[in-house]
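Student: what follows is a predicted structure for the sequence shown.
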Amino acid sequence: KAGVTQTPRYLIKTRGQQVTLSCSPISGHRSVSWYQQTPGQGLQFLFEYFSETQRNKGNFPGRFSGRQFSNSRSEMNVSTLELGDSALYLCASTRQGANTGELFFGEGSRLTVL
Amino acid sequence: AQTVTQSQPEMSVQEAETVTLSCTYDTSESDYYLFWYKQPPSRQMILVIRQEAYKQQNATENRFSVNFQKAAKSFSLKISDSQLGDAAMYFCAYRIANNDMRFGAGTRLTVKP
């Protein structure tokens, strides 16, 4: 069974640009969560999608947005990039009803903003 | 608000010895999940062990075991017979069903040969 797949793995952008990151969850997983990981702030929750609906949202500005498609694949978008947006963006999926609470993580997309 | 605290930014252990990583959490919920995740350098975050709060028995996975003290809101990870491959960042995490997972700041574990 394939794991969580994130693309691209690495990208470099400049301030003011926008970026879209993609996440394909494990087959059968309908919930996708996004996290931002930085050395200073650690792992911070961005949002979670389930059945194409945003179910939970973290405390990030509106420049951060996401969506989920009918095949459970998810994208997140960051507009008007700032230097502080440089981070590892992690996607994780989970199977509803598993009653384990476990998240399965992808390898992440490392964004550098210059 | 639920918070997770890992008081040890860095830990070091000699190969083949035992090390314990600490974690405390704050919650008013009675039903929740606790996890330890491992993140090797530049590699994927993987689950090490999990514990359901309603279970009194401490979880064990091979060389990894936890000491879950619900009343004290403590969830420590013990790694026995440490191996070089255990070197990584370890994150303690808390989750209520269908809510976001909250992570501690992490403990960087170094294993000395």
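Tutor: Structure's in. What do you need? Numbers count the residues shown, from 1 in each chain, chains lettered A, B, ... in the order given.
Student: going forward, measure contacts and count neighbours with C-alpha atoms only.
Tutor: Fine.
Student: name the residue of chain A that lies nearest to chain B.
Tutor: Here chain A gets closest to chain B at one residue, A:E107, 4.6 Å apart by Cα to the nearest Cα.
Student: show me what contacts that residue?
Tutor: Neighbour list for A:E107: A:4-6, A:9, A:90, B:43-45 [criterion: Cα atoms under 8 Å, 6 or more residues apart in numbering or on different chains].
Student: leaving out chain neighbours, which residue sits closest to the residue of chain B found nearest chain A?
Tutor: In chain B, the residue that lies nearest chain A is B:Q44 (4.6 Å; Cα to the nearest Cα). Nearest residue to B:Q44 in three dimensions, chain neighbours excluded: A:E107, at 4.6 Å (Cα to Cα, 6 or more residues apart in numbering or on different chains).
Student: please enumerate the strands of chain A.
Tutor: Under the criterion DSSP state E, chain A carries strands at the ranges A:5-7, A:10-13, A:19-24, A:31-38, A:42-50, A:53-57, A:64-68, A:74-78, A:87-94, A:104-105, A:109-113.
Student: next, format the ones you listed as TSV and append distance to chain B and mean neighbour count.
Tutor: Below are those laid out as TSV (distance: least, Cα to the nearest Cα, whole Å; neighbours: other Cα atoms under 10 Å in any protein chain shown):
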stretch	distance to chain B	mean neighbour count
strand A:5-7	11	20
strand A:10-13	12	13
strand A:19-24	14	20
strand A:31-38	8	24
strand A:42-50	6	22
strand A:53-57	7	15
strand A:64-68	15	20
strand A:74-78	16	19
strand A:87-94	9	25
strand A:104-105	6	23
strand A:109-113	10	20
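Student: tabulate these (JSON lines), appending distance to B:S65.
Tutor: Output for the strands of chain A, formatted as JSON lines (distance: least, Cα to Cα, whole Å):
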{"stretch": "strand A:5-7", "distance to B:S65": "29"}
{"stretch": "strand A:10-13", "distance to B:S65": "35"}
{"stretch": "strand A:19-24", "distance to B:S65": "32"}
{"stretch": "strand A:31-38", "distance to B:S65": "26"}
{"stretch": "strand A:42-50", "distance to B:S65": "24"}
{"stretch": "strand A:53-57", "distance to B:S65": "31"}
{"stretch": "strand A:64-68", "distance to B:S65": "36"}
{"stretch": "strand A:74-78", "distance to B:S65": "34"}
{"stretch": "strand A:87-94", "distance to B:S65": "23"}
{"stretch": "strand A:104-105", "distance to B:S65": "20"}
{"stretch": "strand A:109-113", "distance to B:S65": "31"}
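Student: now the ones you listed in a markdown table, with distance to B:T107 and mean pLDDT?
Tutor: A markdown table is the format used below for these (distance: least, Cα to Cα, whole Å; pLDDT from 0 to 100):
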| stretch | distance to B:T107 | mean pLDDT |
| --- | --- | --- |
| strand A:5-7 | 25 | 97 |
| strand A:10-13 | 25 | 98 |
| strand A:19-24 | 27 | 98 |
| strand A:31-38 | 14 | 95 |
| strand A:42-50 | 11 | 94 |
| strand A:53-57 | 26 | 91 |
| strand A:64-68 | 28 | 97 |
| strand A:74-78 | 28 | 98 |
| strand A:87-94 | 18 | 96 |
| strand A:104-105 | 19 | 95 |
| strand A:109-113 | 21 | 98 |
